[in-house]
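Q: Just a sequence and a predicted model for now, questions to come.
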Amino acid sequence: MQHRLEGRIALVTGGGRGIGESIARRLTQEGAIVWVADIDEPMARSVAETLDRAIAARVDITDDRSVAQLAATIEARHGRLDILVNNAAILDIIELSKLTAAHCARVLEVNLNGAVRVSLAMVPLLRKATHGGRILNTASVNGLRGTPDNIPYSIAKGGIVNLTRCLAVDLGADNITVNAVAPGFIDTRMSLMPDGTHEHKTQVFEDVYIKYGRIPLRRPGKPDDVAGPALFFCSDDSRYVTGQILAVDGGMLSTF
């Protein structure tokens, strides 16, 4: 590791598992002090305890007071924030015939409004970043294309895409870059379908995405496959890159 983030302060929401955990781990390996934030505090703590320079915190990104308290705690301890990773989200698969506006609103409150809430709370701290602030959002390929039984999740992730671009425009003058990764099929807990089946183990997935190359790299991704691009966006290597959405999908979008 090159310690490209030595001494920088980072916050990763949804850091207790999956992609968030892998990003938190990569940032600490590069020297950052990382706040591993999750609504499941024991899970966040179990991750933080395995990392150097990591701090566990509970945050409910749907609650203004919870987010404000976390921002105040980070400010009191460090006086600034250098990197914000908006990663927390929930998976939602629901048939159109069963979808209601209330259901959609619940998913949007976590997956889109949560990122807005955290971003607004942390921008004052990011303006104090010593090397320019970095915001990285976790979007999804589902926010860039239509998928069946996926309206609330896809709407939210599509919103994350344009949240990224709009924040990049609004915060550029503050030397804060805002980018997003859009993962494809990644092997995490979200890979489990409602019936408990692992999506990567289904015959349809094996035939369409692997055998016939709908994913050109012929495999689902791992959380670490997202952590590398995330590090780029969080480091000085991307200091002149903002408002960009990078698909981390094994080439899947190229075949649609």
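A: In hand now; what should we look at? What you see is a predicted model, and the numbers here were worked out from it, not measured in a lab. Numbering: from 1, shown residues only.

Q: Can you show me the strands along the stretch 101-250 of the chain?
A: Using DSSP state E, counting those that start in this stretch, the strands found in the stretch 101-250 of the chain span residues 133-138, 176-183, 245-248.

Q: Name the strands paired with the shortest one and say parallel or antiparallel.
A: To tie it back to what came earlier, the one meant is strand 245-248. When sheet partners are counted by DSSP bridges, strand 245-248 sits next to strand 176-183 (parallel).

Q: tell me the mean pLDDT over the partner strand?
A: For strand 176-183, mean pLDDT rounds to 98.

Q: same deal with stretch 242-256?
A: Confidence for stretch 242-256, expressed as mean pLDDT, is 96.

Q: One more: stretch 40-48?
A: 98.

Q: got the contact list for that stretch?
A: Contacts with stretch 40-48, where a contact means Cβ atoms under 8 Å, 6 or more residues apart in numbering, come from 15-17, 21, 24-25, 34, 36-38, 54-58. The C-beta positions use only the backbone N, C-alpha and C, and glycine is treated the same way.

Q: ok, back up a step: compile the strands of the stretch 101-250 of the chain into CSV and extend it with columns for mean neighbour count and distance to Ile160.
A: Converted to CSV, the strands of the stretch 101-250 of the chain look like this (neighbours: other Cβ atoms under 10 Å; distance: least, Cβ to Cβ, whole Å):
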stretch, mean neighbour count, distance to Ile160
strand 133-138, 26, 5
strand 176-183, 25, 6
strand 245-248, 20, 9
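
Q: Between the ones you listed, which one is closest to Met190.
A: Minimum separation from Met190 across the strands of the stretch 101-250 of the chain (Cβ to Cβ) falls at strand 176-183, 9.5 Å.

Q: Would you mind extracting the C-alpha trace of the closest one into PDB?
A: Extracted in PDB, the C-alpha atoms of strand 176-183 (Å, rounded to 0.1, in the frame of the first residue of the first chain):
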ATOM      1  CA  ILE A 176     -15.100  18.900  -3.300                       C
ATOM      2  CA  THR A 177     -15.300  16.200  -5.900                       C
ATOM      3  CA  VAL A 178     -18.400  14.000  -6.100                       C
ATOM      4  CA  ASN A 179     -18.400  10.700  -8.000                       C
ATOM      5  CA  ALA A 180     -20.200   7.400  -7.900                       C
ATOM      6  CA  VAL A 181     -19.500   3.700  -8.500                       C
ATOM      7  CA  ALA A 182     -22.300   1.700 -10.100                       C
ATOM      8  CA  PRO A 183     -21.800  -1.900  -9.100                       C
END
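
Q: Look up phi and psi at the residue lying closest to Arg80 once chain neighbours are set aside.
A: Counting by Cβ to Cβ, 6 or more residues apart in numbering, Arg80 lies nearest to Lys128, which is 3.8 Å off, once chain neighbours are set aside. Backbone torsions for Lys128, taken as degrees, to the nearest 10, come to phi -100, psi 0.

Q: The residue most central in space within the chain and Gly133: what is the separation?
A: In the chain, the residue lying closest to the centroid (Cα atoms, centre = their mean) is Asn87, at 2.5 Å. Here the criterion is Cβ to Cβ, to the nearest Å. By it, Asn87 lies 17 Å from Gly133.
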